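Visitor: Sequence first, predicted coordinates after that:
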Amino acid sequence: MTIHQATLTFQPVGRGTLEISAAVAREVARSGLKRGVAMVFCPHTSCSLLLMENADPTARRDLEAWLDRLVPEDDADFVHTAEGPDDMPAHIKMALTRTSESVPFNDGRLLLGKWQGIFLWEHRRARHTRQVIVSVMGE
């Protein structure tokens, strides 16, 4: 089995989802592998990864709004607030979602569903530089 690995850097402008499917697909193509699995990992504690519909952005906005209602910034019980009111909610949102996704590929192309995309989900309001590690394994 051959492994190709790359670290991608993104700068989301703040809270919300950023589609990274094309960047992951480029790494699959760069690997030269024909079939296998692309594993995407986010090594941060206040953002996460998401496989979600990429055709209609309102689906993602509804999910974001729902999670904001589930984990509001104004919870008086939060103690970890040194970096601002969105810090602890961002950590909880990351813990409730995922920091890695695995997507199979064949003929050098990701096998995402027709309306699926890979998204970096930023949970903080301020702009951050985020890294995503893509490990492409296969033959």
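Guide: Looks like it came in fine. What you see is a predicted model, and the numbers here were worked out from it, not measured in a lab.

Visitor: and the gap between the closest residue to residue 99 other than its chain neighbours and residue 97?
Guide: The spatial neighbour of residue 99 that comes closest, neighbours along the chain excluded (C-beta to C-beta, 6 or more residues apart in numbering), is residue 42 at 4.7 Å. Just so you know, the C-beta spots here come from the backbone N, C-alpha and C atoms, and that holds for glycine as well. Distance, residue 42 to residue 97, using C-beta to C-beta, to the nearest Å: 10 Å.

Visitor: And these two? Which one has more around it.
Guide: residue 42 (23 against 16; other C-beta atoms under 10 Å).

Visitor: what's residue 136 in contact with, if anything?
Guide: By C-beta atoms under 8 Å, 6 or more residues apart in numbering, the contact list for residue 136 reads 3, 4, 5, 27, 28, 31, 33, 36, 37, 38, 39, 105.

Visitor: Could you identify the buried members of those?
Guide: Among these, those buried by neighbour count (16 or more other C-beta atoms under 10 Å) are 4, 27, 28, 31, 33, 36, 38, 39, 105.

Visitor: show me where the protein has strands.
Guide: 2-10, 16-19, 36-41, 47-53, 100-106, 109-110, 116-122, 130-138 (DSSP state E).

Visitor: returning to that earlier point: so which of the buried ones among the contacts of residue 136 comes closest to residue 138?
Guide: Using C-beta to C-beta, residue 36 comes nearest to residue 138 of the buried ones among the contacts of residue 136, at 1.7 Å.

Visitor: Is the closest residue in space to the closest one that isn't next to it in sequence bridged to anything, and to what?
Guide: Counting by C-beta to C-beta, 6+ apart, residue 36 lies nearest to residue 138, which is 1.7 Å off, once chain neighbours are set aside. Bridge pairing for residue 138 (DSSP bridges) gives the partners residue 2, residue 36.
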